[in-house]
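**Student:** what's the 3D shape of this:
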Amino acid sequence: MFDLTLEAWYGWIGLSLAGVALVGAVSGLPTAAPPDAGAAAATVDRVAAAEYSATAEHPIDAEEIRLGTRRIGLRSPSGTAHATLSFGPVTPVPVGDSTLRDVLYGTHPHRAFGSPKAFRQAVVVARADAADARWRTVDRTLIVRRVTWEGVNVVLVDA
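**Tutor:** Coordinates of the predicted model:
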């Protein structure tokens with residue numbers, strides 16, 4: 001009663017086209033999971049929640065990153081992932097800002113800026129730049145550092 005006989009040539013052609021379409025759809029699926037933005041955000045939150053100065057590094061399995069004051073986005077060929085930071089705002093180090101980058105990599109803010117006012121101003125400018133965050137290539141490691149200097153508390157982030 002429910003038997004289907006495929007004796008006609010157009011039945012076989014239709015079945016073949018359906019198989020080719022299925023193989024094409026499956027081959028277009030990503031072969032790996034999207035990057036783990038949640039783990040990167042957890043690293044930033046751990047440092048931001050610390051009471052004292054702290055530093056952390058987190059390996060990133062993405063090609064591009066978008067750092068905001070309250071969000072992290074990671075993008076790779078297998079997809080895009082975003083995560084919201086629980087502790088913020090953080091200060092993404094702008095591309096080309098060597099002074100904040102020096103502080104991120106361990107230089108004391110006194111040696112890099114000379115005064116807490118200059119340090120605070122650099123942080124304000126960096127946060128304002130982060131409001132228009134763009135995708136940029138990542139260096140495979142997320143670096144986070146919490147710095148406290150004469151009333152200026154900041155969490156610097158770069159990748």
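**Student:** what residues are up against the nearest residue in space to residue 43 that is not next to it in sequence?
**Tutor:** Among residues not flanking residue 43 along the chain, residue 58 sits closest, at 4.0 Å (Cβ to Cβ, 6 or more residues apart in numbering). Using the backbone N, CA and C atoms, a C-beta is placed for each residue, glycine as well. Neighbour list for residue 58: 39, 40, 43, 141, 142, 144 [criterion: Cβ atoms under 8 Å, 6 or more residues apart in numbering].
**Student:** do that again at 10 Å, thanks
**Tutor:** Going by Cβ atoms under 10 Å, 6 or more residues apart in numbering, residue 58 touches 36, 39-44, 46-47, 141-144, 159.
**Student:** is residue 55 in contact with residue 157, as I believe?
**Tutor:** No: counting by Cβ atoms under 10 Å, residue 55 stays clear of residue 157, with 11.2 Å between them.
**Student:** the more surrounded of those two?
**Tutor:** Ranked by neighbour count (other Cβ atoms under 10 Å), residue 55 and residue 157 place residue 157 first, with 29 against 15.
**Student:** gap between that one and residue 25?
**Tutor:** 39 Å (Cβ to Cβ, to the nearest Å).
**Student:** repeat that for residue 56.
**Tutor:** Counting by Cβ to Cβ - residue 56 and residue 25 are separated by 41 Å.
**Student:** higher neighbour count, the two?
**Tutor:** More neighbours surround residue 56 than the other of residue 56 and residue 25, with 17 against 9 (other Cβ under 10 Å).
**Student:** downstream of the longest helix belonging to the chain, the next helix or strand is which one?
**Tutor:** Ordering each helix of the chain by length in residues (DSSP state H) puts helix 9-27 first. Counting by DSSP states H and E, the next helix or strand C-terminal to helix 9-27 is helix 37-48.
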